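Enquirer: turn this into a structure:
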Amino acid sequence: MTILLNRLQCSLLVLYILLPTVVLSFASYAAPGAHGPNGEHLTTEQSSGQQMNPRFETFSDQFELVGELLPDSVVLQLHHFQDNSPVIDAAVEIETADVKATAAYDEKLQHYRITAADLLTQLAKQQAHELVVTVIAAEKADLLVASYTPLPPQTNTEEHHHEHISFWFWAALGLMAGLGFLFGRMSNHRAVRSSV
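Expert: The predicted structure follows:
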């Protein structure tokens, strides 16, 4: 009976000493919002939960264009290629798969916006899209060609991280239990030797 009590006491002592260290190390490993050396937030895609909107880009010797797909519209940033100045109040039209839509210029934000539902529906399809953009500005006109493929919906990988942490947590607990058992056996051998 005393041998079992010695083993139990040693196991509990090892758990008592090592458990806070293990818990704190795992808490710091899994903590969101880690900080860099200057206090800046270091976030991953999983922890921030934010994703960039889908984009397409194209350019010619006259213009450069970046399109951003929002849930309710397509926003176009159109600039002159030579000096990167914004192209103001041009006629801009996008065509893809027999769907055409005209962009409206927003003078305050200096970009173009398309809200045509048929174009948004077409671009939401999970396939490659070839876009032809017609630009007619005050002194220049051009055709720009771009390719766009929507990204597939992302799966949530957070479960994988929980399983990873859970595995290491249980492995550490098993290691501590094994150490407690060994300390118990060592104390048992000492007790037997001292009694002989």
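Enquirer: name the nearest residue to residue 148, ignoring sequence neighbours.
Expert: Using CB to CB, 6 or more residues apart in numbering and skipping residues adjacent in sequence, the residue nearest residue 148 is residue 56, 4.0 Å away. (Each C-beta comes from the backbone N, C-alpha and C, glycine too.)
Enquirer: meant to ask about residue 104, not that
Expert: With CB to CB, 6+ apart as the criterion, residue 104 has its nearest non-adjacent residue at 5.7 Å, and that residue is residue 113.
Enquirer: the residue nearest to residue 148: which element?
Expert: When elements are defined using DSSP states H and E, residue 56 is found to belong to strand 55-59.
Enquirer: average pLDDT across that strand?
Expert: In this model, strand 55-59 has a mean pLDDT of 95.
Enquirer: format the CA atom coordinates belonging to that strand as PDB.
Expert: The C-alpha trace of strand 55-59 is given here as PDB (Å, rounded to 0.1, in the frame of the first residue of the first chain):
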ATOM      1  CA  ARG A  55      -9.100  40.900 -58.600                       C
ATOM      2  CA  PHE A  56      -8.000  41.000 -62.200                       C
ATOM      3  CA  GLU A  57      -5.300  43.200 -63.900                       C
ATOM      4  CA  THR A  58      -4.400  44.200 -67.400                       C
ATOM      5  CA  PHE A  59      -2.500  46.900 -69.200                       C
END
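Enquirer: tell me the buried residues in it?
Expert: Buried residues in strand 55-59, defined by neighbour count with 16 or more other CB atoms under 10 Å: 56, 58.
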